[in-house]
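Engineer: prediction below, plus the sequence it came from.
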Amino acid sequence: MKRTTTAAVLAGAFSLGGIPWVAQSGSAEVDLYGQVHAGLNHFSYEDASDVTQFTDQGRSRLGVAGRQLLDGDWAAIGQLEWAVGPHLGEDNLSRRISYVGVDGPYGEVVVGAVHAAYKTLGGVRWDPLVTTELQQRRTGGMSGGSFGHNDFVDRAVQYVSPELAGWQLHAQIGTEDDNQDRTDDGDADQAMRQGDVILGVDYTGLPDWQFIAAVMHLDEPFADVDDVDDGDTNWKVGARWSPDAFSFAYQYESAEIIRGPAGAGRIDNLDDDATNRVGGGEGRFSDAVNHHALIGTYEQGRNTWVVAFGHADADGDDEDVTSVTGALVHRPHADFRVYAGVQHQSFDDMIGAINDDGDDYLTTYAIGARYDFGATF
């Protein structure tokens, strides 16, 4: 009885004109899913006090997705997803995904808020430590922010083609044009991107290989941001080779969009002299930057060994960052994992602090766990 009641409630969330999808056809599916993650991290700085923090990097989330078969080979699809953080003392829900559309033999078309193809082609999909403090984004290996590997496309139209001879096209466009009104990093609503175009391609036609390319282009740069040489385009290419138990991935990224709302120029957990904090702050690039991420994994039974190298080569003086990461992920069950690892970052003075007295390195020690759950009704 409880399962039936829950299914009816979830189906009601995906009703059209007051008529639940499940009521129209027995072929509808509604999925409830979620993830809970918590990590304990110790940050050790040169010439600064160490800091220990409890974080989850936004991994904890709750979502519901629906799929209803239509005539022929077409299906209506919809998804809602929220970030949650009650274990961190955050009792609010913040939207991540919200879209509705159709999926058929000629591809998928949706409207709403979606993951950016720039983020999910290669990028975070190739990093087994993503959303932990050992991840490659925002540590030098990959960009972060609303125009990098944290990106969602808001008020968007998205098209994903069917796979043809190993090729698949991803195209996304925002539907509003207000870049110059969105230069306040502190405005969470304005941090979602609008009026921008993202194109990406994925090729998997060779055994054990995957190749990706993606470009993000603003309708105009954030020209009214002072003292920042800001451009209007980010692009990247990458390749992943995964024979048997091994995988090796390399991604090169050219980031010009480094400011604006949560721009791609953010490096986490460095000194933040502006707020007199040590640890938990951010370093910021002031010019374009090239990112290099090299990630290797080895599967050994239920264990995954991870080694990663990241380097940010900035055009600005004294703003380079290099990171080396080693970690072990253990999966006693497909839906549960624990991990432990260490990441060592070395960075130039001007990225670590506002003045020349910034730290020269940061070493992060991390342990954590994640549980994934889901049910189909």
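Structural biologist: Cool, got the structure.
Engineer: return the backbone torsion pair for residue 71.
Structural biologist: With angles defined as degrees, to the nearest 10, residue 71 sits at phi -70, psi 150.
Engineer: what's the answer for residue 284, then?
Structural biologist: phi -130, psi 130.
Engineer: report the central residue of the chain.
Structural biologist: residue 150 (4.1 Å; Cα atoms, centre = their mean).
Engineer: state the distance from that one to residue 162.
Structural biologist: 28 Å (Cβ to Cβ, to the nearest Å). All C-beta atoms are positioned from the backbone trio N, CA, C, and that covers glycine.
Engineer: for the nearest residue to residue 152 once chain neighbours are set aside, give me the pLDDT.
Structural biologist: With Cβ to Cβ, 6 or more residues apart in numbering as the criterion, residue 152 has its nearest non-adjacent residue at 5.7 Å, and that residue is residue 113. As predicted, residue 113 sits at a pLDDT of 92.
Engineer: ok, the nearest residue to the residue nearest to the centre of the chain once chain neighbours are set aside - contacts?
Structural biologist: The shortest distance from residue 150 to any non-neighbouring residue, by Cβ to Cβ, 6+ apart, is to residue 144 (5.0 Å). Taking Cβ atoms under 8 Å, 6 or more residues apart in numbering as the contact definition, residue 144 lies against 137-138, 150, 262, 264, 266-268.
Engineer: identify, from the residues you listed, the entry nearest to residue 240.
Structural biologist: residue 137 (16.3 Å; Cβ to Cβ).
Engineer: how deep is the nearest residue to that closest one once chain neighbours are set aside tucked in, by neighbour count?
Structural biologist: In space, and not counting its chain neighbours, residue 137 is closest to residue 149: 4.1 Å by Cβ to Cβ, 6+ apart. Using other Cβ atoms under 10 Å, residue 149 is surrounded by 28 other residues.
Engineer: likewise for residue 156?
Structural biologist: Applying other Cβ under 10 Å, I find that residue 156 has 23 neighbouring residues.
Engineer: so it sits against residue 196, correct?
Structural biologist: No. Counting by Cβ atoms under 8 Å, residue 156 stays clear of residue 196, with 9.1 Å between them.
Engineer: verify the stated contact: the residue nearest to the centre of the chain with residue 120.
Structural biologist: No. Applying Cβ under 8 Å, one finds residue 150 not in contact with residue 120, separated by 11.5 Å.
Engineer: so what's the residue nearest to residue 70 when sequence neighbours are not counted bridging to?
Structural biologist: For residue 70, ignoring the flanking residues on the chain, the nearest one in space by Cβ to Cβ, 6+ apart is residue 76 at 5.9 Å. Residues found in beta-bridge contact with residue 76 (criterion: DSSP bridges) are residue 68, residue 102.
Engineer: repeat that for the one 4 residues further on.
Structural biologist: The residues paired with residue 80 through beta bridges, assigned by DSSP bridges, are residue 64, residue 98.
Engineer: ok, now how distant is it from residue 153?
Structural biologist: According to Cβ to Cβ, residue 80 stands 16 Å off from residue 153.
Engineer: poorly predicted segments of this structure, please.
Structural biologist: Scanning the chain for pLDDT under 70 picks out 1-27, 91, 176-195, 222-229, 261-262, 271-280, 352-359, 377.
Engineer: quick one: the strands in the stretch 251-377 of the chain?
Structural biologist: Applying DSSP state E, counting those that start in this stretch to the stretch 251-377 of the chain gives strands spanning 266-272, 277-284, 289-300, 303-314, 321-333, 336-347, 361-376.
Engineer: just list what the helix or strand hosting residue 171 packs against, helices and strands only.
Structural biologist: Element membership for residue 171 (DSSP states H and E) is strand 167-174. With contacts taken as 3 or more Cβ pairs under 8 Å, 6 or more residues apart in numbering; DSSP states H and E, strand 167-174 sits against helix 117-120, strand 152-160, strand 196-203.
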